[in-house]
Structures are given as C-alpha cells and as structure tokens.
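[1] This is the structure alone, sequence omitted:
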Ligand SMILES: Cc1cc2nc3c(=O)[nH]c(=O)nc-3n(C[C@H](O)[C@H](O)[C@H](O)COP(=O)(O)OP(=O)(O)OC[C@H]3O[C@@H](n4cnc5c(N)ncnc54)[C@H](O)[C@@H]3O)c2cc1C
Ligand SMILES: NC(=O)c1ccc[n+]([C@@H]2O[C@H](COP(=O)([O-])OP(=O)(O)OC[C@H]3O[C@@H](n4cnc5c(N)ncnc54)[C@H](O)[C@@H]3O)[C@@H](O)[C@H]2O)c1
C-alpha cells in the first residue's frame, strides 16, 4: 500500500459489522464526489431524489482538485513562460524574466477554490447532502461513514453509486518510497522550481508535466521502460512527440527502469537505472512518479455488498454500469472506464438513464482524448496500428500542419493531421491531430463521425479562414490535389 500519496487510500476502520442503529434512508447514496458521481447527484437531486454524497477529501473529485484542471492551469502558465522566452522571435524584448512558483501555485489554488465553491453550491442548490468523510459498504445497500469530524453514520440507499476514482502509486523499487517522491498531487503544489526533476513514466501525466516544468525552468529527465513513448500511438506520432521533447530540451531515457534510489526528493537524489543492459546513475533534486494508477476499491467493503472486482481491483460492471450486486452501480476510473473526465461524464449519463429505467449503454462509444502538450495531440477513433491489427482496410489522409494557413500565419507549424477513411463508404473511422488547437479541431471530425458523414462532407463544407479547423478541408483534399497543396 502506498503510504506516500496524499490521495490517501480508504482507511479500513475497526468496525466490521452493521451497528444496531437504524440506518438513515436515501433514494441514492453515492461514495465519492468525482465527475460521474457529482453530475448524477445534481441531476437526480434536481428531480427530487433524496441523495447523500460522501466525499473524503476532494469536493468535486480529482479532476478539479488535483488532476485535469490544475494541471491545465500549470500547463497554461508554462505556455506563457515559453512565449516569454521567445519574445525576441516576436520582435519584443524584456529583461529579467523570472518565474515565481509560489505565484504560479497561488493562481492555480484560486482556480481550484473557485471550482470547489461552485461544486459545493451545486450540491446545496440541487438538494444533495454532501457528507465529508470516508464511506465504505457494510452490507447490501448499506454504507457506513466515518465523518471527517469523527462521527459514525449508517446510510441505506435504495440505489448505491460508487465513484471513488483511482490514485497514483509508488512502486516498491528499493529506496523509492523512502526518497519521498512527488506524485502529481505534490507536483501541483510545488512552491519552487526543481533544479533537476526526474519523472518516472512518460505517459500522459509524465509528458504533460515534463513539458510544463521544463518551460518553467527545470532540467527535466523522463524515464520510461517502453522502447518508445506513447506506444499505443502510430510510430510516426511517437517520433513526432519525441522530436518535440528534444526541441524543448527534455532528456529522455527509454527502455529504462530504476533499480534503486537513494537520497531525498526535494533535496538530493541519486537513481541507479538499468537501461538496455547497462547501468546509469542519475543525480537530481526531485522525483515525480507517474508510472501507475490503481482503483480506490481497497477498504471499500465491497465483499460485504456482493460487489465483485477484477484482477486489477476495478469494479466489474456491465454495459449499463451495474455491478454484480443488485442496485449498486459504479462510474468513472473505479469502474475501469478509460481514465478521462469526459468518459466519466458519459458514465453519469449511462447511469442516470438506466437507474431511471432506460437502456443507455457504454458499448461501442467513441472516447476521444487530448494530450495537453503544446502543441496538443488529439485522437478519436482508430489509428493505423489498431486498424491493421483488426484487419480493417482504410484510406489514409495525412497533412503536415505547416500546410494549414492558420499555422502558416502564426508560424507554429509543428505536427500533422491524419485521417483514416473506410474505402467503401468514405466514412471517417479515425482522426489524429498533433498541432495547435488539436483538441478543438478533433471535435469537428468527431461530430462528422457521429453523424456518419462521408469525409467529402468536410471538403464540401465552407470552413472559416484562417482557422486550424480549415485544415480539415486541406487534409481531405490532400489526396486529390496533394502535390499542389504541399
Ligand atoms: C495529473 C492528471 C491529469 C489529468 N488530466 C486529464 C485531462 O486533462 N482530461 C481528462 O479527461 N482526464 C484527465 N485525467 C484523468 C481524470 O482526472 C480522471 O479520469 C477523472 O478524474 C476520474 O473521475 P472519477 O469520476 O472516476 O472520480 P475522481 O475524480 O477520481 O473522484 C473520486 C473521488 O472519490 C473520493 N473517494 C475515494 N474513496 C472514497 C471513500 N471511500 N469515501 C469517500 N470518498 C472517497 C476521492 O477523494 C475523490 O474525490 C487526469 C488525471 C491526472 C492524474
Ligand atoms: N490529457 C489527458 O486527458 C490526461 C492527462 C493525464 C492523465 N490522463 C489519464 O490518466 C491516465 C493515467 O496516466 P499516467 O500518466 O499516470 O499513466 P500512463 O499509463 O499513461 O503512463 C504510465 C507510463 O509509465 C511507464 N512505466 C510504467 N512502469 C514503469 C517503470 N517501472 N519504469 C519506467 N516506466 C514505467 C509506462 O510505460 C507508461 O508510459 C491516463 O491513461 C489517462 O487516461 C489523461
């Protein structure tokens, strides 16, 4: 068990049996107040359901407090810092640029506090009772809460919803835990710029932090055990992101694992690394661990309620998000949903529909992603690797971002767009953009995919000039007039 992360695991209290007190009755008892959970509470609360939401630490969940939003706040600040360092390129000069991390942190805290206040208001306005404390199941439909002010309550729900999320873990590499490394939670609370930050894991969290912290002034070394970064993406995508990391001055050790660590993160650390059969020693000031997340199911008393988990501890749910126990549902990371807030959002829609008698399903849903590097990397649907693995034929459209007139105007030409189109129907089956505003551009393609439009609909559309979305027209015309365009 990871004792380091502030996102503390559920403490299994001594109480194992149902107390004799009669339970307080609710229509819906929710454990966790993350995206899937809070939206369910607000929506059903407004409809008059009697609801209790139990949250141990982060009102509104991880996204607002310690994950998506604060990391994007930091990334935005880092982008400003990057522009400031490029002023000369824009014909401007300024002297003595310094980054004051306590100011960076204060701006982030203001944003987070605003979100907490907004969410707390929504609980009040929609009638849900927000109980601050640790919840765990003590029987079918029975939840015990140890409130943060030390009281014990027993709640019974006609329906129970579990949305307890996931948390970062620090593995058992000798000396790693003892070095007191950062997770994303502490990294978002840094009041100083690390001289040399070593990030273990070059996945989503590792990559976003690497660029942000580098831009704020840290020396950054990324370590990953994989032979390439973003191995779920096509090789040309991994290569392009690698080029970006090099350009930013981020050091990267691939096929590398840490054998042992000595010292203390925040002061001085030494990492002994096995890399492709050789040992490398790295001295740094801080370590950030982003190698693994696990579901918050331990200590939740799921056995007592007949709620089964899979081998990795995620709650087993069907396509309607029903667990193995009648009337008990799960949403978000803890239910094995891909770890994105927008996926948890859709889980809320599936849950509230089904609990009200509908049949909305998680099956076959299109879940896009956007990795918030600068430029962004966004994808929806299949990539080439996945299409080939599934034996799906496709026609490929690929366009350098430098062809898009918006990118030419701003002179931010890094990246490319790719689309996979079904040869027979002309429908788009996959789209990726690595370029400015990729997340927004992708949404336009996603709409076309949802509507089942052929790609030609985008070449026929009149798209505003000069926007990045206009590039879609160039992309899908590129095979017709390719040599003229490039
Ligand atoms: C650094 C970082 C950046 C990210 N950026 C993005 C991004 O840009 N876009 C994106 O889509 N996704 C992003 N994610 C992923 C996203 O944060 C998660 O997928 C999302 O927050 C999951 O929401 P959830 O509803 O499952 O629950 P969570 O938001 O994890 O909420 C669960 C809540 O349950 C509480 N809880 C747990 N156990 C108990 C208990 N026993 N009793 C009471 N309360 C309990 C926790 O305190 C927590 O508040 C990021 C993740 C990280 C770590
Ligand atoms: N922009 C976004 O939407 C966003 C941002 C951050 C996180 N997220 C979500 O959170 C999830 C978790 O992100 P994450 O970055 O924590 O995990 P991840 O699974 O994306 O990355 C973990 C990385 O660590 C590496 N790794 C694992 N064990 C290692 C070891 N022992 N030594 C060296 N390298 C090792 C893996 O090869 C991988 O590259 C993501 O899958 C994503 O769904 C989303």
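    Noted; the coordinates are in hand. Keep in mind that this is a model prediction, so the values were computed, not measured. Numbers count the residues shown, from 1 in each chain. Ligands and ions are numbered 1, 2, ... in the order given.
[2] switch to C-alpha atoms for all contacts and neighbour counts from now on
    Fine.
[3] how about the residue lying closest to residue 63 once chain neighbours are set aside, secondary structure?
    In space, and not counting its chain neighbours, residue 63 is closest to residue 69: 5.9 Å by C-alpha to C-alpha, 6 or more residues apart in numbering. Here residue 69 is recorded as helix under DSSP: H, G, I helix; E, B strand; the rest coil.
[4] Let me know the average pLDDT across the helix or strand where residue 474 lies.
    When elements are assigned from DSSP states H and E, residue 474 belongs to helix 471-485. Averaged across helix 471-485, pLDDT comes to 71.
[5] what do you get for stretch 94-109?
    Stretch 94-109 comes out at a mean pLDDT of 95.
[6] list the buried ones in that stretch?
    By neighbour count on 16 or more other C-alpha atoms under 10 Å, the buried set for stretch 94-109 is 99, 101, 104-105, 108-109.
[7] do that stretch and ligand 1 meet at all?
    No: using C-alpha under 6 Å from any ligand atom, stretch 94-109 stays clear of ligand 1, coming no nearer than 13.4 Å.
[8] Please list the outside residues in contact with that stretch.
    Residues outside stretch 94-109 that contact it (C-alpha atoms under 8 Å, 6 or more residues apart in numbering) are 70, 73-74, 77, 81, 84, 87, 188-193, 216-217.
[9] Kindly recompute the last result at 6 Å.
    With contact meaning C-alpha atoms under 6 Å, 6 or more residues apart in numbering, stretch 94-109 is reached by 70, 191-192.
[10] Which residue is the nearest non-sequential neighbour of residue 39?
    Once flanking residues are discounted, residue 39 sits nearest to residue 348: 6.4 Å by C-alpha to C-alpha, 6+ apart.
[11] Number of residues surrounding the one you found?
    25 (other C-alpha atoms under 10 Å).
[12] ditto for residue 438
    Neighbour tally, residue 438, other C-alpha under 10 Å: 25.
[13] what residues are up against it?
    So, once contact is read as C-alpha under 6 Å, 6+ apart, residue 438 ends up touching 376, 378.
[14] so what pLDDT did it get?
    pLDDT recorded at residue 438 is 98.
[15] That one and residue 475, how far apart?
    Distance, residue 438 to residue 475, using C-alpha to C-alpha, to the nearest Å: 13 Å.
[16] now the residue of the stretch 351-486 of the chain found nearest ligand 2, which residues is it bridged with?
    Closest residue of the stretch 351-486 of the chain to ligand 2, C-alpha to the nearest ligand atom: residue 371 (4.0 Å). On the basis of DSSP bridges, residue 371 takes part in beta bridges with residue 377.
[17] doesn't residue 377 make contact with it?
    Yes: applying C-alpha atoms under 6 Å, one finds residue 371 in contact with residue 377, separated by 5.1 Å.
[18] which of the two has more neighbours?
    Neighbours were counted for residue 371 and for residue 377 using other C-alpha under 10 Å; residue 377 has more, 24 against 18.
[19] what's the domain layout of this protein?
    3-168+294-355, 177-291, 375-477 (automatic domain parsing).
[20] hmm, back to that, tell me how far the helix or strand containing the residue nearest to residue 39 lies from the chain's centre.
    Residue 348 is part of helix 341-355 when elements are defined by DSSP H and E. Distance of helix 341-355 from the chain centroid (C-alpha atoms, centre = their mean, to the nearest Å) equals 17 Å.
[21] try stretch 351-371
    Worked out by C-alpha atoms, centre = their mean, stretch 351-371 lies 18 Å from the chain centre.
[22] And stretch 338-348, by the same measure?
    With C-alpha atoms, centre = their mean, you get 10 Å for stretch 338-348.
[23] Any residue of it touching ligand 1?
    Yes: contact of stretch 338-348 with ligand 1 (C-alpha under 6 Å from any ligand atom) involves 339-342, 344.
[24] Now restrict the residues you listed to buried residues only.
    Here, 16+ other C-alpha under 10 Å leaves 339-342, 344 buried among the residues of stretch 338-348 next to ligand 1.
[25] Please tell me how far the residue nearest the centre of the chain sits from residue 383.
    Centroid-nearest residue in the chain: residue 340, 4.7 Å away (criterion: C-alpha atoms, centre = their mean). Distance, residue 340 to residue 383, by C-alpha to C-alpha: 19 Å.
[26] need the residues of this structure near ligand 2, please.
    Of all the residues in the chain, those lying near ligand 2 are 200-206, 223-226, 257, 290-293, 338-340, 369-372, going by C-alpha under 6 Å from any ligand atom.
[27] Could you identify the buried members of those?
    Looks like these have 200-206, 223-225, 257, 290-291, 339-340, 369-372 buried, using 16+ other C-alpha under 10 Å.
[28] Just the ones of these in strands?
    200, 223, 257, 369-371 (DSSP state E).
[29] that older thread, Serialize the domains of the chain to TSV and add fields for distance to residue 362.
    Output for the domains of the chain, formatted as TSV (distance: least, C-alpha to C-alpha, whole Å):
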stretch	distance to residue 362
domain 3-168+294-355	5
domain 177-291	22
domain 375-477	15
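[30] and these, which one is worst for confidence?
    Taking the mean pLDDT of the domains of the chain, domain 3-168+294-355 comes last: a mean of 93.
[31] Show me which positions of stretch 250-259 end up buried.
    For stretch 250-259, using 16+ other C-alpha under 10 Å, the buried residues are 250, 252-259.
[32] Name the nearest residue to residue 194, sequence neighbours excluded.
    residue 218 (5.5 Å).
[33] neighbours around the one you found, how many?
    When neighbours are defined as other C-alpha under 10 Å, residue 218 has 19 of them.
[34] can you check residue 347 too?
    28.
[35] and it, what does it touch?
    Contacts of residue 347 by C-alpha under 6 Å, 6+ apart are residue 331.
[36] likewise residue 421?
    By C-alpha under 6 Å, 6+ apart, the contact list for residue 421 reads 394-395, 427-429.
[37] where's it relative to residue 237, distance?
    With C-alpha to C-alpha as the criterion, residue 421 and residue 237 are 18 Å apart.
[38] Good, wrapping up.
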